[in-house]
Structures are given as structure tokens and as C-alpha cells.
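Build the 3D model from these lines:
(chains A, B, C and D)
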There are 2 protein chains.
Amino acid sequence: MNTKYIGFESPGVTVDLVIFTVNEDQLKVMLVRRAESPFDGFWSLPGGFLKIGESLDAAAHRVLCEKSGVDDVYMEQLYTFGEPKRDPRSRVITVAYIALIPWQHLPQPESTKVTDLTWLPVDHLPKLAFDHKEIINYAVSRLRAKVSYSNIVYGLMPKQFRLSELQSMYECIINDKLDKRNFRKRMLATGLLKETGKKDHAGAHRPAMLYQFKSKEIVFF
Amino acid sequence: MNTKYIGFESPGVTVDLVIFTVNEDQLKVMLVRRAESPFDGFWSLPGGFLKIGESLDAAAHRVLCEKSGVDDVYMEQLYTFGEPKRDPRSRVITVAYIALIPWQHLPQPESTKVTDLTWLPVDHLPKLAFDHKEIINYAVSRLRAKVSYSNIVYGLMPKQFRLSELQSMYECIINDKLDKRNFRKRMLATGLLKETGKKDHAGAHRPAMLYQFKSKEIVFF
DNA sequence: ATACTTAGTGTTCATTTTACACTTAGTATA
DNA sequence: TATACTAAGTGTAAAATGAACACTAAGTAT
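Sure, this is the predicted structure:
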């Protein structure tokens, strides 16, 4: 903050969103197809330039709404990427955000026609535009770490759910199996869940109690 | 990344450094006195504008060297602050970094004359320029958290040290007392320390074995 | 009525964490 | 040179936590 202003030399500033969901037992990330050079036709993270007068968080929310049609989701700033050559056209630094959306909350596409938006499993990504794969990898490692010391998975669950669904969510993210009894004990011991009283009668088997979170607040253990 | 370039509307981009050291059993942060409006005369974080062609990390290192005269220290990106009004003059977003410097490695000021640089304890800060107090508070909470699940304190220790000094370092940062025997057991159990063979004969008491880190690598537990 | 499927539940053992007090090896001083 | 002083250095027992493990319950479908 001690240097003189040299406004016209300023880099461009964007926000890019790593929007996660879990579907078909896979952790997936939202990608949009670029329709211009550079990386024309490549998948990339949804993002956009920061507007003057707009906070970083506001810009991230704006992009989130534009692309997902959803607001009111868990979102946090991830990291700021600023290698000089990360955009081949000119200097652009990007502030990356993580967002979590329950699959059930997403407006489902009407048909299977090719669109410029997709959800791909994080462990099988094609070549992406810019440094977006690096950004996603960092986001995935942050998410995987955070799952184990917080209740951040809240952001990916529907309002009501079976404990087995919650367990499955954890297993998808950390990519490992958990012991059912220990998992239930631990979850109920947090005191963050409550029974809804309702039961889920799906399937030819004993119905499951539906649970929900007492609060949407994120807690660190 | 889907919007058009509007280069001349770009916000300014700075890096600001929260440089920590521990001295006199207190966690302290480096501050520089502003010599211009706004906040003329207030203490502020060392920082500067990002140069075109310079990566964020490089800019942070440049500022670090300018102000501390030290390189080769632990540094990590903290968070990017971008509220529209955080700089009253114009739109500036700042990428904040944390750096750790052992007190012993700092070039000591020759005299006690008033300078434009100081180290103040993080828990007793005066009013600071911009949103710098908020940035410091966030940095302190990050540091305090990270101390408990990594060996990040390496960054604050001199090359060789007594175990009691290491313990004291932990205690200063987390602001709590630790049990001596448990602390030693835990530290030695990590396998990251080695005896130097040398002993520290300071003081009228049994001399202490001097230890050092096997590697400067940061490890998460 | 029977088969099928997921829901739901406790205990034991191993490991980790915590609490806690005395002896040792020097330096300083009388 | 004997004594006092100070921080260094060490082990164990109890408590808490984490990990492994298998059967019964309650529905739906045939």
C-alpha cells in the first residue's frame, strides 16, 4: 500500500467458481464450454470479471446464480491464482471460490441435448482451459480435508435424508468406505442432527428414519 | 472468464504481508507507518502493488525483502480482501500473505530512534490503516489453528534451540500452557527433530540439549 | 406366507491423550 | 569447596477415544 497508483497497469481480476455436487455416487464439478479463443471449445470453470463496486463475494454469488440458477448455498473463498501467463491474452488474476450444491436442488435439464454446461467427476477430467484443472485439484483437496474436521457436507445434502445417504456422501468425497455403526454413533454424537419423525419408505426393505440438520451453521471439530 | 475484457475498469491489485515473529514471549506483527493520505501516520501492513509480469508469490517475496531484509522464510497466501470501500481512494483488492520470521534472524535496529517500522503484539494493536486489523485477526486465527496440526512453528525458530524454547513458542502462539513431559514426548515422537550433540550452557542450571529440525519441510499431522 | 433388502443397534480391544512429581547437571555464591 | 539455586530431563497410570466386528428388525415384493 505504499506505492503510487498505476491504474492502467492493473491486471484484470476475475472470480472462478468450483461448484461441487454429488450425483451417481461421484463428486462432480460444474464446467462450462468456452465459445471463444483462447481454449475455444474447452471446458472451463464458470467465472467472470469483477465489477467495479462489487465485492469479491458478491461477484462469486452473481456467477453462481447465473450458471446454476441457485442461491443460498455454501460458498467460501479458496485461493487466488496469479501466475503471469495463466491467461495467454493478458494479465488476469482470479479469485477462486468453492460452492456446494445438493444435486436435488439443481434445476434438471429438460433433455439430453448437447449444452454448454456439464457436470463431470473430479477424478476423470479432460483437458481444461487455463489453469482450471489445477484450481479444481486444489479445491478437491481442500474439500476432502475439510470434510474430516467439519460438517461442511451439509452443503451437499438435501433438507431431509437417511443416515445411509449421509454416510454415502462422506464416502463419495473421501473416496473410502466407512463403518456403518461407528459412522452413526459419531454423527449422532455431534448433536447436530435431529430426527424428523418421518420415514422414507423407498425400496423393498425396512424404512429409514429421515434426519435433518438442526442448523445450517458450519462447525469445526 | 466469459465476460469481455474491460481493462480500464480493473481494480488495483496489491499484496499485503502479515509478518509474524515471537519476541519477549509475545506474538508480534510487523507494521509500517504510513507517510501519506489516507490514514497518514497510522500503522499499516507492509504491502505494495502487484507488478505486471510478477506473480503474486513473487510480489509478496519482494515486499518481504524490502521491509525485513530477510528472504528464505515460511510464507503462504492467506486470503484475498476485496470490499469495494476498503480503500477510500479507489477500488483496490489485496491478496494477503502470512510470513514467519525467527526474531534472531531479523537485523536488529541500531538505536531506539523513532522509525517507520515496528513490531507490535497482535493482541494489543492500535487503530490501523484500511482493513488491516481485520486481515491481521484472520491471519492470527489461521496461524493459531495451523500450529495445532502442523509443524509450522519451524518458521519461527532459530536453527538450533532447546526443547523448552520450542515449547515456549507454542505457548506464545496458542496463548496457553502445555505440559512439559507430554510436549516433549509428542515432539520427539514426530521424528522431525534431531539432537545436535551441542548443549546450551546459558544460565545457572543444568545445560539443555540443542535440537534442530531434520528438514524445513512443513508437515501436516 | 416367504424371501428379500436395507435399517438399526453394543461391546470389546487397542490406541491415544492426559495428569502428575521427582532427580539431574550444571552455574553462582558464600 | 560446599551449598544453594535453577531449569533440564524423565515414566506411569488412568481416562478417553477410535477401530473392529455380526446379528435382528421392519418393511416391500412376489
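
Mind giving me the packing neighbours of the top helix by length along chain A?
Ranked by number of residues, the top helix in chain A under DSSP state H is helix A:132-149. The elements that helix A:132-149 packs onto, with contact taken as 3 or more Cβ pairs under 8 Å, 6 or more residues apart in numbering or on different chains; DSSP states H and E, are strand A:12-23, strand A:26-33, strand A:74-81, strand A:92-100, helix A:163-174. Just so you know, the C-beta spots here come from the backbone N, C-alpha and C atoms, and that holds for glycine as well.

10 Å instead?
For helix A:132-149, the packing partners by 3 or more Cβ pairs under 10 Å, 6 or more residues apart in numbering or on different chains; DSSP states H and E come out as strand A:12-23, strand A:26-33, strand A:43-44, strand A:74-81, strand A:92-100, helix A:163-174.

Using TSV, lay out these together with mean neighbour count and mean pLDDT.
As requested, the helices and strands packed on helix A:132-149 are exported to TSV (neighbours: other Cβ atoms under 10 Å in any protein chain shown; pLDDT from 0 to 100):
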stretch	mean neighbour count	mean pLDDT
strand A:12-23	24	97
strand A:26-33	20	98
strand A:43-44	20	98
strand A:74-81	20	98
strand A:92-100	25	98
helix A:163-174	17	98
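
Mind checking the ones you listed for the one nearest to DNA strand C?
Relative to DNA strand C, the nearest member of these by Cβ to the nearest atom of the strand is helix A:163-174, separated by 3.4 Å.

What's the first helix or strand after that closest one?
Per DSSP states H and E, the first helix or strand lying C-terminal to helix A:163-174 is helix A:180-190.

ok, the nearest residue to A:Phe213 once chain neighbours are set aside - contacts?
Nearest residue to A:Phe213, sequence neighbours excluded (Cβ to Cβ, 6 or more residues apart in numbering or on different chains): A:Tyr154, at 5.5 Å. A:Tyr154 makes contact with A:74, A:100, A:102, A:166, A:169, A:192, A:212-213, A:215-219, according to Cβ atoms under 10 Å, 6 or more residues apart in numbering or on different chains.

residues of stretch A:125-143 that come out buried?
Burial within stretch A:125-143, assessed by neighbour count using 16 or more other Cβ atoms under 10 Å in any protein chain shown, is assigned to A:128-133, A:135-136, A:138-140, A:142-143.

how near is A:Arg89 to chain B?
Distance, A:Arg89 to chain B, by Cβ to the nearest Cβ, to the nearest Å: 8 Å.

and the closest residue in space to that residue that isn't next to it in sequence, how many residues sit next to it?
For A:Arg89, ignoring the flanking residues on the chain, the nearest one in space by Cβ to Cβ, 6+ apart is A:Pro38 at 6.6 Å. Other residues lying near A:Pro38 total 12 when counted by other Cβ atoms under 10 Å in any protein chain shown.

wait, isn't A:Pro38 in contact with A:Asp87?
Yes: between A:Pro38 and A:Asp87 there is a contact at 7.8 Å, judged by Cβ atoms under 10 Å.

how about low-confidence regions in chain A?
Counting by pLDDT under 70, the ranges of chain A that qualify are A:1-9, A:110-114.

50 instead, please
A:1-8 (pLDDT under 50).

what does it have sitting close to DNA strand C?
For chain A, the contact set with DNA strand C under Cβ under 7 Å from any atom of the strand comprises A:162-164, A:180-182, A:184-185, A:199, A:203-209.

if you set the cut-off to 10 Å instead, what comes out?
Applying Cβ under 10 Å from any atom of the strand, one finds that chain A approaches DNA strand C through A:161-168, A:179-185, A:188, A:195, A:199-211.

ok, how many other residues are close to the closest residue to DNA strand D within chain A?
Closest approach between chain A and DNA strand D, counting by Cβ to the nearest atom of the strand: A:Arg206, at 2.8 Å. Neighbourhood size, A:Arg206 [other Cβ under 10 Å]: 7.

how does chain A divide into domains?
As recorded under automatic domain parsing, the domains making up chain A are A:7-149, A:159-213.

Now do the shortest one: distance from first to last residue.
The straight-line separation of the ends of domain A:159-213 (Cα to Cα, to the nearest Å) is 8 Å.

wait, what's in contact with the nearest residue to A:Ile93 once chain neighbours are set aside?
Of all residues not flanking A:Ile93 in the chain, A:Gly82 sits nearest, at 3.8 Å (Cβ to Cβ, 6+ apart). Listed by Cβ under 10 Å, 6+ apart, the contact set of A:Gly82 reads A:11, A:13, A:91-95, B:13, B:15, B:50, B:54-59, B:77, B:80, B:95.
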